[in-house]
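[1] Here's my sequence, what's the structure:
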Amino acid sequence: MEIQGTVYDLLHNKSGEVWTTHPNDSVYDAIRLMGEKNIGALVCVENGEVIGVLSERDYSRKVVLRGRTSRDTLVGEIVSRPAVVANSKDSAESCMKLMLQRRIRHLPVMDDGRLIGLVSMGDLVNWVIRSQHHTIQQLQGFIAGEYPG
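    Here you go, the predicted structure:
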């Protein structure tokens with residue numbers, strides 16, 4: 001199955017806010033922000049440059065399981081680097097393949113060196129579901145004679 005659409009299309013179906021953190025922020029503050037915003041990852045930005053993504057998975061594996069404390073650990077110590085990024089013109093399908101190959105769940109979107117969004121695996125799965133639903137509706141209409149053949 002081919003996934004239709006671009007990252008641009010996908011981003012315009014979700015809120016435009018991208019939450020970020022800095023390498024010198026405490027992990028505690030980053031995790032607190034994730035909880036407040038009900039999100040699973042933050043883009044780590046330093047001097048306007050995306051350097052990585054901090055996810056709940058990073059926290060659980062690199063802080064909790066290693067017996068560290070979130071108040072005494074800096075984001076820069078555990079953030080997944082380097083950042084794997086997409087462009088708004090990239091296809092949704094290519095993003096899904098990239099995320100599966102790299103075993104990541106969050107993909108910052110950059111255009112002209114500027115962070116414009118964040119795409120999650122959940123966003124892509126929802127996009128696929130909506131695309132399939134639309135295709136099914138069109139096929140049902142065609143079968144019922146609603147569209148000229």
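[2] now the helices for this structure?
    7-11, 27-37, 56-59, 75-78, 92-102, 121-143 (DSSP state H).
[3] May I have the fifth one exported as PDB, CA atoms only?
    Coordinates of each C-alpha in helix 92-102 appear next as PDB, following Å, rounded to 0.1, in the frame of the first residue of the first chain:
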ATOM      1  CA  ALA A  92       4.400  10.600   4.400                       C
ATOM      2  CA  GLU A  93       5.500   7.200   3.100                       C
ATOM      3  CA  SER A  94       9.200   8.100   3.100                       C
ATOM      4  CA  CYS A  95       8.900   9.500   6.600                       C
ATOM      5  CA  MET A  96       7.300   6.300   7.800                       C
ATOM      6  CA  LYS A  97      10.000   4.200   6.200                       C
ATOM      7  CA  LEU A  98      12.700   6.400   7.700                       C
ATOM      8  CA  MET A  99      11.200   6.200  11.200                       C
ATOM      9  CA  LEU A 100      10.800   2.400  10.900                       C
ATOM     10  CA  GLN A 101      14.400   2.000   9.700                       C
ATOM     11  CA  ARG A 102      15.900   4.200  12.300                       C
END
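[4] Run through who's touching it.
    Residues outside helix 92-102 that contact it (Cβ atoms under 8 Å, 6 or more residues apart in numbering): 2-7, 9-10, 84, 86, 105, 107, 119, 121, 124, 127-128. C-betas here are computed from N, CA, C, even on glycine.
[5] Can you say which of those are buried?
    Among those, those buried by neighbour count (16 or more other Cβ atoms under 10 Å) are 3, 5-7, 10, 84, 86, 105, 107, 119, 121, 124, 127-128.
[6] Which single one of those is nearest to S70?
    Of all the buried ones among the contacts of helix 92-102, R105 has the smallest distance to S70: 20.1 Å, by Cβ to Cβ.
[7] Since that was my last question, I'll sign off now.
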